[in-house]
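> my questions concern the predicted model and sequence given below.
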Amino acid sequence: MKLAKLNGRPEIFYSIQGEGKSMGKPAIFVRTSLCNLHCIWCDTDYTWNWQNTPFKHVNDSKAGYSKFKKDEWIVELDADEVYNEIKQHPCKRVILTGGEPLMQQKELALLAQLLHDNGYFIEVETNGTLVPTSEFDMAVDQYNVSPKLSNSGNSTQLREKEGAFSFFSGSEKASFKFVIDDPGDLDEVTELISRYNIAPLNVYLMPQGTTGQALNQKQQWLVDICKEHGYNYTDRLHIHIYGDKRGV
Ligand code: SF4
């Protein structure tokens, strides 16, 4: 499987879950490379914003930012190799994140089975555009589905896949996290959860931001919206604790 590369090694690290339903729980993160979307504010753009691609990113105007050379940012490992890395950490919760992990579910299904058979709890973070295979689904305990809104810069056609949304809205393992940049984003959330019959209690709203200050600025109005509609508020704990850093 193709994983993101960090300091010459696969990006596998022990930290705490910073967002959503399991926020605050210690967990081992495995970051896959590749994504089928191109969110303009993505903080893991080293998994997809390759040289010679047309995708835009909010950092384009920042001095020193440039697109990534694909073969320098990917490392390939098989399921046993990834499992051996995971075993080094004193924790039985694994989060498969990305990029978009479901782009590689054939390879990840082997890892997920291995982890499942050895007593691990497996969370998968996904943008909700791809349907899990039954082999993969059998080994997964929790899906953290984060459907993207128009604030991501992706077209509706790319980011909203009816079959996949219907799968996740019908799965007891799934909760839904929406990245909110502006109160106006709420109309889209309301429309989506009504179309796919998602219960408000299963919805998490998270402020968009990659600094503690940016998150705090949106916190008050977002909490008020959660109170009004019965949604959950989720912060980005890792940003407050570590800042916008990789591998922590
Ligand atoms: S779906 Fe996730 S990994 Fe992919 S571009 Fe959007 S934020 Fe980044």
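Arrived safely, thanks for sending. Numbering: from 1, shown residues only.
> not counting its neighbours along the chain, what's nearest I225?
Of all residues not flanking I225 in the chain, L186 sits nearest, at 6.1 Å (Cβ to Cβ, 6 or more residues apart in numbering). Quick note: C-beta positions are derived from backbone N, CA and C, even for glycine.
> list the buried residues in the host helix or strand of the one you found.
Taking DSSP states H and E as the definition, one finds L186 inside helix 186-195. Buried residues in helix 186-195, counted by 16 or more other Cβ atoms under 10 Å: L186, E188, V189, L192, I193.
> sec struct for P147, please.
Here P147 is recorded as coil under DSSP: H, G, I helix; E, B strand; the rest coil.
> so it makes contact with F176?
Yes: contact criterion Cβ atoms under 8 Å: P147 and F176 qualify, at 6.6 Å.
> who touches both of these two?
G128 (Cβ atoms under 8 Å, 6 or more residues apart in numbering).
> my guess is Y46 contacts E72. True?
No: contact criterion Cβ under 8 Å: Y46 and E72 do not qualify, at 9.4 Å.
> out of the two, which sits in the busier spot?
Y46 (22 against 11; other Cβ atoms under 10 Å).
> assumed that one was part of a helix.
Yes: counting by three-state DSSP, Y46 is found in a helix.
> if we can go back for a sec, the helix holding L186 - contacts with which helices or strands?
strand 174-180, strand 203-207 (3 or more Cβ pairs under 8 Å, 6 or more residues apart in numbering; DSSP states H and E).
> return the distance of the last one from the chain's centre.
Same thing as strand 203-207. 13 Å (Cα atoms, centre = their mean, to the nearest Å).
> mind checking how far whatever helix or strand comes next after it is from the chain centre?
Next helix or strand after strand 203-207 toward the C-terminus (DSSP H and E): helix 212-229. Helix 212-229 sits 20 Å away from the centroid of its parent chain (Cα atoms, centre = their mean).
> stretch 145-155 too?
12 Å.
> also stretch 167-178?
On Cα atoms, centre = their mean, the centre of stretch 167-178 falls 13 Å from the chain's centre.
> what residues sit buried inside that stretch?
The neighbour-count check on stretch 167-178 (16+ other Cβ under 10 Å) flags F167, F168, S169, K173, A174, S175, F176, K177, F178 as buried.
> now the most centrally placed residue in the chain. Nearest residue, chain neighbours left out?
Among the residues of the chain, the one closest to the centroid is E125, at 4.2 Å (Cα atoms, centre = their mean). Excluding the flanking residues, the one nearest E125 by Cβ to Cβ, 6+ apart is T97, at 4.2 Å.
> next, that neighbour: phi, psi?
phi -130, psi -180 (degrees, to the nearest 10).
> and the pLDDT for it?
Model confidence at T97, given as pLDDT, is 98.
> try the one 5 residues further on
Per-residue confidence for L102 comes out at a pLDDT of 98.
> gap between it and the ligand?
L102 sits 11 Å away from the ligand, taking Cβ to the nearest ligand atom, to the nearest Å as the criterion.
> now do that residue: how many residues are near it, please.
What L102 shows, counting by other Cβ under 10 Å, is a neighbour count of 24.
> quick check: it touching E125?
No: counting by Cβ under 8 Å, L102 stays clear of E125, with 9.8 Å between them.
> could you report the neighbour count for G247?
Counted with other Cβ under 10 Å, G247 comes out at 15.
> give me phi/psi at it?
phi 70, psi 20.
> and what of R9?
The phi/psi pair for R9 (degrees, to the nearest 10) is phi -120, psi 160.
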